[in-house]
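A.B. asks: What follows is a predicted protein model with its sequence.
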Number of protein chains: 2
Amino acid sequence: MRKVILYIAQSLDGYIAKKDGNLDWLPQEISEKMNKFYSDFSQQVDTVLMGRKTYDQIVNVLSPNQWAYPNKTSYVWTSTKTESLENSVHFMDTDLVSFVKELKEQEGKNIWVLGGGSFIAELVKNNLIDEYSITIVPVILGEGIPLFPKDNKNTIFLKMQVCFEENGMIQTSYTVEL
Amino acid sequence: MRKVILYIAQSLDGYIAKKDGNLDWLPQEISEKMNKFYSDFSQQVDTVLMGRKTYDQIVNVLSPNQWAYPNKTSYVWTSTKTESLENSVHFMDTDLVSFVKELKEQEGKNIWVLGGGSFIAELVKNNLIDEYSITIVPVILGEGIPLFPKDNKNTIFLKMQVCFEENGMIQTSYTVEL
């Protein structure tokens, strides 16, 4: 079955962005090995899920000239639906949990959960993430948007699949232990 | 100059203990390489600092029969001073930050900051930690006592010194980038 993978970078103290969404603490240069890990991951993915703030950040800041994931189907959860400029981008206001459960039953490659915080929280709390590929960045941000929800009562035990370090960044990949 | 080192294990989502202080999620078996890293670290330490809850947990749960750090000088911060049963254990109610600053100026080996959460927070916020040796445990606890303070406004950039993985646990050691 296709897997739902959370692939994201967090600070050592567990934030994915500063409070205002700022990502200026992420290293500009990524090593060849980490790039290769990302590109191998990306080739196994055909679907990208994200919340509205993450989408806005991608189109306004990170990749304003062209849609960042042109060869994948993107689903963006939002309460204010707008016209999509890309055929591959779908704005959604249906129930996230039911949608992801259905998506997992369909044929296809893996599904990438991109962010942000509250969007990820909903999936973590409902045990819908199959794999956590976390890049741990050597910085303590002190405050920001936490990767993991603070009101999750489930302890999730993980099994390490990948771990390597380059330039102070640790690339991990864990599967969920059932 | 002697260094102040925070050496502790955290879950992938940044907790050092469950809400009630429970540590049952820590692996029972530690690999030989990780034990060697700990024993090398321990030999470079002559002073241990901790808060009262951590002390109580050590004497009541973790090591009830003998004091866990007999060959080091231990300082325990508490608002309710009690008689110490060990000559090497000192209960303190003076200002933690000034005390640690003075301690760093004195001759001696390294200083180990043991925990818990609010005790560590005070030192992190005052930039008094020189080295972070964090063992990252493959579990998402969901809730608990966070390692890093949530109201720290300082971004602390780190430089990786050590990183290795065994049995799913990642042993890191970072120095603070000035």
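C.D. replies: Arrived safely. Numbering: from 1, shown residues only, chains lettered A, B, ... in the order given.
A.B. asks: Need the distance between the two termini of stretch A:165-178.
C.D. replies: Taking CA to CA, to the nearest Å, the first and last residues of stretch A:165-178 lie 27 Å apart.
A.B. asks: in stretch A:162-178, what counts as buried?
C.D. replies: Judged by neighbour count using 16 or more other CB atoms under 10 Å in any protein chain shown, the buried positions of stretch A:162-178 are A:163, A:165, A:168, A:169, A:170, A:171, A:172, A:173, A:174, A:175. Heads up, the C-betas are built off the backbone N, CA and C, glycines and all.
A.B. asks: which residues touch that stretch?
C.D. replies: Stretch A:162-178 is contacted by residues A:9, A:27, A:29-31, A:33-34, A:37, A:127, A:129-138, A:156-161, B:12, B:138, B:158-160, B:163, B:165, B:168, B:170, B:172, B:174 when judged by CB atoms under 8 Å, 6 or more residues apart in numbering or on different chains.
A.B. asks: Can you select the buried ones from the residues you listed in PyMOL?
C.D. replies: One line in PyMOL is enough to select the buried ones among those; burial here means 16+ other CB under 10 Å:
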select buried, (chain A and resi 9+30+34+37+129+130+131+132+133+134+135+136+137+138+156+158+160) or (chain B and resi 12+138+158+160+163+165+168+170+172+174)
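A.B. asks: about what we covered before: can you tell me which of the buried residues of stretch A:162-178 comes closest to residue A:23?
C.D. replies: residue A:169 (14.2 Å; CB to CB).
A.B. asks: bridging residues for the closest one?
C.D. replies: For residue A:169, the beta-bridge partners under DSSP bridges are residue A:166.
A.B. asks: where's it relative to residue B:52, distance?
C.D. replies: 37 Å (CB to CB, to the nearest Å).
A.B. asks: pLDDT score assigned to the spatially most central residue of chain A?
C.D. replies: Centroid-nearest residue in chain A, with CA atoms, centre = their mean: residue A:114, separated by 2.4 Å. On the pLDDT scale, residue A:114 is placed at 93.
A.B. asks: Backbone torsions only: list them for it.
C.D. replies: phi -90, psi -40 (degrees, to the nearest 10).
A.B. asks: State the number of residues packed around the closest residue to it other than its chain neighbours.
C.D. replies: Distances taken as CB to CB, 6 or more residues apart in numbering or on different chains place residue A:50 nearest to residue A:114, at 4.1 Å, with adjacent residues excluded. Neighbour count of residue A:50, defined by other CB atoms under 10 Å in any protein chain shown: 24.
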